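1. predicted structure and sequence below. I'll ask about it afterward.
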Amino acid sequence: MSDHTASPLIFELGQEGRANKYFAPEKPLDEYLPAEQLRADLPLPDNSELDAVRHFTRLSQRTFGIDVGFYPLGSCTMKYNPRVNDAMANLHGLRDLHPYTPDAHAQGALRIMWELERSLCSLFGMEAFSLNPSAGAHAELAALLIAKAYFRDRGEHQRDKVIVPDTAHGTNPASAAMCGFKVISLRSDRRGRVSVDEIRKVLGPDTAVCMMTNPNTLGLFEDHVDEITQAVHGAGGLCYYDGANANALMGNARPGDMGFDLMHLNLHKTFTIPHGGGGAGAGPLGVAKHLVDFLPTPYVRKKGDAFELDFDLPKSIGPMRSFWSNFAHIVRALAYLYANGAEGLTKVSQLAVLNANYLRVKIREFLETPYDEPCRHEFVASAQELKKKTGVRALDIAKALLDRGYMAPTIYFPLIVPECLMIEPTETESKETLDGFVEALAEIVETAKSDPEKILAAPQTTVVGRLDETRAARQPDLRWYPA
Amino acid sequence: MKLAQPEGLLYSKEHEWVKIAGDQATIGITDYAQDSLGDIVYVELPRVGAQVAQFASVGVVESVKAVSDLFTPVGGEVTEVNAALETDPALVNREPFSGGWMFKIKLAGGDSQRSGLLSAADYEAFTKTQ
Amino acid sequence: MYTPHTQRDIGQMLQAIGVESLEKLLRVPDSVRLRAPLDVVPALPETGIVERFEQYARENAGASFTSFLGGGSYRHYAPPAISFLAMRGEFLTAYTPYQAEVSQGYLQAIYEWQTYICLLTGLDIANASVYDGATALAEATIMAIHANGRQKVLVSRAVDPNYRGVLKTYCDGLDVAVEELPVSADGTTDLRQLSQKLESKEYACVALQSPNFLGIVDAPSAAAQAAMKQSETIVIGVVSEAISLAALQPPAHWGAEIVVGEAQSFGIPVAFGGPYAGFIASTKDHIRRIPGRLAGKTVDARGNEGYVLTLQAREQHIRRERATSNICTNQAHCALIATMYLALVGKTGLRDVAAANVRRARELAAAVTAVDGCSLQFGAPYFNEIVVNVHQPAARVLKNLEQQQILGGIDLGRYYHEYADCILMAATELTTSDDIQKLAAALRQSVKVPTHV
């Protein structure tokens, strides 16, 4: 990644008369439609196929993915994305199946949805899963809409508070606001956990939902989780499990057994769906028995030997998206389940936790680890002391890692840890890769102490240096304009 | 770093300053506030003509990676907003107490609003506790 | 399992950690320990996985039927170069481009996508994409509510019923009322009713789709545009067949301040409904309200041009409960595919593909209306879909067609009780004359001319 020359935009490459011959030439549109309905100009470039292929190949070479190197981005579960999953999603009978195909002629697709749904129910202890939501945040919104509909159905209109621990993921308050709920933020205790006593103080007749991640974003297991869910239920509220960190307990413990009424999963984290540069994802939404009637439409069912999409759910919150699910991702996730089986999935979370703890004990030799106890799938380190001594911050460490061929961990999250580095290695990385990463990180910390300027000037080897984000925000340049 | 708190202005605990002349008040955010926010990229100001209550949230100040509510230290009718901030929000960073002013208010009530506000010295002391 | 650990690795790592076993490392309190055995699909070797999914794929006979299905998801030609490029691991396995220095390629691609959407819709700005067309409409509606503070919204009944369904789901959460505008006899939105409703100035926005769900070009008249302007109602233009943007007046031309839609037609497989990519474009005025990610151009310390995610203070992770939307994910990879499609097909190809769709739909209309008992339901100009009245329950006719391996279209009675005798049929550049003749022949058998009782 040492080519510093700017990459021209596709719009700057194009030339009139360089069109590819994908389609037969057609008569002008005004032969068919009234002229006043037709657009006068279409200011797009024509590019030769070779130019376009080189353009996008070059863009790919300027992009870092898991396939390029180690990607220890905390809370994002950047594990290997097996290619067989993509191959299965691209089988003609799955890729070219129209969503309006009648159930009778789409039985294979519906079976795939049903098998995934049933497996997820067993793995996480839920009564049913909706495959409708498009992503984690989308499922979270659906879950809160379900809670709102549920309380409305019971005549408990006064329940408008959502309790969110300070270690929770950032979407929680925004989702709550989209449902007219108000957020109560809960401070975690000295051990980095939600305190049962603190939560009791805020519970009451206005409690709607308590949202939790377990293990939380510090990578710690909420060991009083069942007491918390019992307390929330005692106050008449519902408990929501944010499954972003499900990779830490899959096959070893189940949110349903912990007392959660609603949960989501990120198929693009735990179930090896490629992140694709930030989507598409998929966010199945699980519910306990008392909430099944409120699930989004449609819901996949087995009737006798046949499968069907059920759109007729009278208490449903309605659909969350145009079509039934991000089906190609449902295929990928099911292929991953088949590659593992129950025993394999149990092993996956064990090895994810093993890798995280191995990194933790290695890294605490040269960086603070504020919660110094066995973690789950991820842990947090802090550059607070280093910053005091050398001026080198978490951000600088992140940039220096890029120079050394690694993606940076998540930084400055969770907010309760200053100069935070949140590290999640996942189970698909080898001991050799982890050792290499530890070595690189140790060298950065050493260099920060001996020659901080070197680290502050990182990255040097990337196609651009640190970019002026202030300028980007003050003078937004969000598109190209034709001359 | 020593942060200047001009005399003659009144301050709120939400880090706004107000300059009162007769029934006219000019409002902005303090040097301390702009410094903690970092590079300010956008200021969302109240609508001219809006009636606002003392200490109400009337807008938003955005930096690259943070958002902060803008509260008004005094209540009344918004009579003018600083249009220059639309094209040059950095004015708030450069000149928080002059060119970076945010909006003007025709004061409602009388002097009673002053009582909830701090002097320059008190505000300086307050920022030390933050 | 895709895990590389040898027994030796595990032993060494446990020793380094100071824990005896993996089980100990994973221990949870007894009260929440897993008790029941898990009932998950069985483990298979990769050969077994392939065998099984090939079987499931075969059980979807519908994927190989002669199809006239559309209604928001369209079968179009995608040049093979797209899948070769899009499947490159750097694109496929990247996360959101937070570390801009090693994400310049993807960020530039998003910037190019934003530009393409602006050029196609005729608007100033566009975001990095949202889940799909339906959620794009819901998000745009929330933008409008935030912009003018009004608490009611209007939507034409000719807007895709799935979009309206999602709009209602979202608006229920916000306690915002959704009202619908009826469809006129010619298949366009009833603009007289629209103008009347707007007099009260209480609607945040009105959503109109063109071509609408019934295939009809549904751009509002000059008088309706004036009424919308007069009432300060934000016009949201909806486009679910993106190919139409190459042919028809862009929605900005008929007054849309926000344009939302579905980019699936730009090279994204139909894939039983997803993933696709929704887009939102708007005038500059809404730059602080547009949801989701935005890529912007800037410079580094050496003066090199580069791209970053920008205006992040709008987004949920910073603005929290004040954010317009809770969206985190965009549909980056689908938007990338669409960008590649637009780059490869280009202006000339896009014009040709649009014209081919229009021509094929007319060929389809001519063949179908030549069948006794079949007629076009609407008289207004259409793009690539037609509504055919079969003068008997559409469901029955469609069942008959299925027996001849034809998916004849969508039974409109599913969404509009008044059109229970109507089928929505789509034609694209991939529809052949043989397909059309086969359908016409099958209809001749299926549609018995109504007998007088």
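-> Happy to help now that I have it. Numbers count the residues shown, from 1 in each chain, chains lettered A, B, ... in the order given.
2. switch to C-alpha atoms for all contacts and neighbour counts from now on
-> Will do.
3. and the helix or strand residue C:84 falls within, does that touch chain A?
-> Under the criterion of DSSP states H and E, residue C:84 resides in helix C:81-86. Yes: Helix C:81-86 reaches chain A (CA under 8 Å from any CA of the partner chain) through C:81, C:85.
4. state the mean pLDDT of that helix.
-> For helix C:81-86, mean pLDDT is 98.
5. ok now that helix, how far from the chain's centre?
-> Relative to the mean C-alpha coordinate of its chain, helix C:81-86 is positioned 21 Å out (CA atoms, centre = their mean, to the nearest Å).
6. now swap in stretch C:151-160 and tell me
-> Relative to its parent chain, stretch C:151-160 has a centroid offset of 17 Å by CA atoms, centre = their mean.
7. ok, now stretch A:41-50?
-> That offset, for stretch A:41-50, works out to 35 Å (CA atoms, centre = their mean).
8. all strands for chain A, in order.
-> Secondary structure of chain A, counting by DSSP state E: strands at A:128-130, A:161-165, A:182-186, A:207-213, A:238-243, A:262-265, A:285-287, A:299-303, A:306-310, A:379-382, A:410-411, A:420-423.
9. name the residues that touch the second one?
-> For strand A:161-165, the external contacting residues (CA atoms under 8 Å, 6 or more residues apart in numbering or on different chains) are A:172-173, A:176, A:181-188, A:194, A:206-212.
10. which outside residues touch the helix holding residue C:84?
-> A:49, A:53, A:56, A:57, C:92, C:267, C:333, C:336, C:337, C:340, C:341.
11. among those residues, which two are most distant?
-> Largest separation among these by CA to CA: A:49 and C:92, giving 21.1 Å.
12. what's near enough to touch residue 56?
-> By default, I'm working from chain A. Taking CA under 8 Å, 6+ apart, we find residue A:56 in contact with C:85, C:340.
13. hmm, no, I was thinking of chain C.
-> With CA under 8 Å, 6+ apart, residue C:56 has these contacts: A:93, A:107, A:108, A:109, A:111, A:112.
14. my read: the first one touches residue C:53, true?
-> This points to residue A:93. No: using CA atoms under 8 Å, residue A:93 is not in contact with residue C:53; the gap is 9.4 Å.
15. looking at those two, which is more packed in?
-> The neighbour comparison of residue A:93 against residue C:53 (other CA atoms under 10 Å in any protein chain shown) goes to residue A:93, with 27 against 23.
16. buried sites along the helix of greatest length in chain B?
-> Across chain B, the longest stretch assigned as helix under DSSP state H is helix B:120-129. Residues B:120, B:123, B:124 are the ones in helix B:120-129 that count as buried (16 or more other CA atoms under 10 Å in any protein chain shown).
17. gap between residue C:301 and chain A?
-> For residue C:301, the distance to chain A equals 7 Å [CA to the nearest CA, to the nearest Å].
18. which residue ranges form the strands in chain B?
-> Listed in chain order, the strands found in chain B under DSSP E are B:10-11, B:16-21, B:24-29, B:40-44, B:51-52, B:57-63, B:67-71, B:76-81, B:103-107.
19. so which of those is the most packed in?
-> strand B:10-11 (a mean of 26; mean count of other CA atoms under 10 Å in any protein chain shown).
20. now do it: which elements does it pack against?
-> In terms of contacts (3 or more CA pairs under 8 Å, 6 or more residues apart in numbering or on different chains; DSSP states H and E), strand B:10-11 is packed against strand B:16-21, helix B:120-129.
21. how about the nearest residue to residue C:342, chain neighbours excluded?
-> In this structure, residue C:342 finds its nearest non-sequential neighbour in residue C:266, 7.0 Å apart by CA to CA, 6 or more residues apart in numbering or on different chains.
22. which residues touch whichever residue of the stretch 51-200 of chain A sits closest to chain B?
-> Across the stretch 51-200 of chain A, the shortest distance to chain B (CA to the nearest CA) belongs to residue A:170, at 13.2 Å. Neighbouring residues of residue A:170 by CA under 8 Å, 6+ apart: C:316, C:317, C:318, C:320.
23. highest neighbour count among those?
-> Neighbour-wise, the contacts of residue A:170 (other CA under 10 Å) top out at residue C:316, 24 neighbours.
24. so it versus residue B:16, what's the distance?
-> 25 Å (CA to CA, to the nearest Å).
25. again, but for residue A:95
-> 58 Å.
26. need phi/psi at residue C:198.
-> Phi and psi for residue C:198, reported as degrees, to the nearest 10, are phi -70, psi -20.
27. what's the local residue count around residue B:112?
-> Other residues near residue B:112 come to 9 when the count uses other CA under 10 Å.
28. one more: residue C:437?
-> The local packing of residue C:437 (other CA under 10 Å) involves 15 other residues.
29. next, the buried residues of stretch C:2-22.
-> For stretch C:2-22, using 16+ other CA under 10 Å, the buried residues are C:2, C:3, C:5, C:10, C:13, C:14, C:17, C:19, C:22.
30. tell me the one of the residues you listed nearest residue C:258?
-> Closest to residue C:258, out of all of these and judged by CA to CA, is residue C:2, at 45.2 Å.
31. now that closest one, what's its secondary structure?
-> Classification of residue C:2 using DSSP: H, G, I helix; E, B strand; the rest coil returns coil.
32. how far away is it from chain A?
-> For residue C:2, the distance to chain A equals 6 Å [CA to the nearest CA].
33. the nearest residue to residue A:348 once chain neighbours are set aside: what's it in contact with?
-> Excluding the flanking residues, the one nearest residue A:348 by CA to CA, 6+ apart is residue A:427, at 6.2 Å. Residues near residue A:427 by CA under 8 Å, 6+ apart: A:79, A:348, A:349, A:351, A:352, A:353, A:354, A:355, C:3.
34. what sits against the last one?
-> By CA under 8 Å, 6+ apart, the contact list for residue C:3 reads A:348, A:351, A:427, A:428, A:429, A:430.
35. need the contact list for the last one.
-> Taking CA under 8 Å, 6+ apart as the definition of contact, the neighbours of residue A:430 are C:3, C:4, C:5.
36. which of those residues sits closest to chain A?
-> For the contacts of residue A:430, the nearest to chain A is residue C:3 (4.6 Å; CA to the nearest CA).
37. which residues of the stretch 351-483 of chain A lie near chain B?
-> Residues of the stretch 351-483 of chain A lying close to chain B (CA under 8 Å from any CA) are A:469, A:470, A:473, A:474.
38. if I look at the second one, how far off is residue B:40?
-> The reference is to residue A:470. Distance of residue A:470 to residue B:40, computed by CA to CA: 8 Å.
39. find the residues that touch each one of the two.
-> Both residue A:470 and residue B:40 are in contact with residue B:64, where contact means CA under 8 Å, 6+ apart.
40. re earlier: among the contacts of residue A:427, which ones are buried?
-> When the contacts of residue A:427 are checked for burial by 16+ other CA under 10 Å, the buried set is A:79, A:348, A:349, A:351, A:352, A:353, A:354, A:355, C:3.
41. check contacts around the fifth one.
-> If a contact means CA under 8 Å, 6+ apart, then residue A:352 has A:247, A:248, A:376, A:377, A:425, A:426, A:427, A:428 as its contacts.
42. and for the fourth one, the neighbour number?
-> Spelled out, it's residue A:377. If you count neighbours by other CA under 10 Å, residue A:377 ends up with 35.
43. bridging across strands, which residues link to the spatially most central residue of chain B?
-> Ranked by distance to the mean C-alpha position of chain B (CA atoms, centre = their mean), the top residue is residue B:28 at 2.7 Å. With DSSP bridges as the criterion, residue B:28 is bridged to residue B:17.
44. and residue A:314, how many neighbours?
-> 11.
45. what's the pLDDT at it?
-> pLDDT for residue A:314: 94.
46. and chain C, which residues reach chain B?
-> Residues of chain C lying near chain B (CA under 8 Å from any CA): C:311, C:312, C:313, C:318, C:319.
47. the last one: neighbouring residues, count only.
-> Using other CA under 10 Å, residue C:319 is surrounded by 23 other residues.
48. please consider this matter closed, and thank you.
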